[in-house]
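Trainee: quick one: sequence and predicted model below, then my questions.
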Amino acid sequence: MEPIRNDVLIRAPRYLVWETLADLEGVSQWNPGIDAAECISDVRRGLGARRRCYMHPSGWIVESVSEWEPQEVIAFTIENAPPITTGVARFVLSDDGPGSRLRAGFDYEVRFGPLGPVIDRLVVYRQLSTAWNTGMTALVSHVEQVAGASA
């Protein structure tokens, strides 16, 4: 499957971008594709933390934190997201002048054996990339708005 990639400049300090991404239950505050999220593990921050995200307009997925380097890298492994068999959303942060650089990507595999790549090209990639890019745009807007409010 073709990975989805973004490289964006956010006019906000890196710690603020990090806190937004690391707030596992706060994802619905900025991602319009998620109605609500709840931690479903005893670990609430860091490796092994898990959350259930209730998707808009329906359904849910489970994500676990699979990579955690404070203010640098956070990754979520998708555990339940038909038609995806595996998926990893990875966010890498760095300073970029007065703002932050966010390099984000989503790598995934689709079910359906040999038909998976065909189904991906016809339907899945388009839907996932639209949702991903909408979420990324909303993330940038949210963090920049919070940064402006706290300035």
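Mentor: Perfect, thanks for sending it.

Trainee: the protein: helices as residue ranges?
Mentor: Counting by DSSP state H, the chain has these helices, from start to end: 14-22, 116-119, 125-150.

Trainee: adding mean neighbour count, distance to Val43 and mean pLDDT, write these out as CSV.
Mentor: C-betas here are computed from N, CA, C, even on glycine. Output for the helices of the chain, formatted as CSV (neighbours: other CB atoms under 10 Å; distance: least, CB to CB, whole Å; pLDDT from 0 to 100):
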stretch, mean neighbour count, distance to Val43, mean pLDDT
helix 14-22, 19, 12, 98
helix 116-119, 15, 32, 91
helix 125-150, 15, 23, 94
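
Trainee: and Ile84, which of these is closest to it?
Mentor: Judged by CB to CB, the one of the helices of the chain that comes nearest to Ile84 is helix 125-150, at 8.2 Å.

Trainee: and the angle for the closest one with helix 14-22?
Mentor: For helix 125-150 against helix 14-22, the angle by axes from the mean of the first three to the mean of the last three CA atoms, to 10 degrees is 130 degrees.

Trainee: which helices and strands sit right next to helix 125-150?
Mentor: Packed against helix 125-150 by the contact rule (3 or more CB pairs under 8 Å, 6 or more residues apart in numbering; DSSP states H and E) you find strand 4-10, helix 14-22, strand 99-110.

Trainee: can you show me the CA trace of the shortest one as CSV?
Mentor: Provided in CSV are the C-alpha atoms of strand 4-10 (Å, rounded to 0.1, in the frame of the first residue of the first chain):
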residue,chain,number,x,y,z
ILE,A,4,0.4,8.7,3.4
ARG,A,5,2.9,11.4,4.2
ASN,A,6,2.9,15.0,5.4
ASP,A,7,5.6,17.5,6.2
VAL,A,8,4.2,20.7,7.8
LEU,A,9,5.4,23.8,9.6
ILE,A,10,3.4,24.7,12.6
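
Trainee: okay, angle between that strand and helix 14-22 too, please.
Mentor: Using the same axes, to 10 degrees, strand 4-10 lies at 140 degrees relative to helix 14-22.
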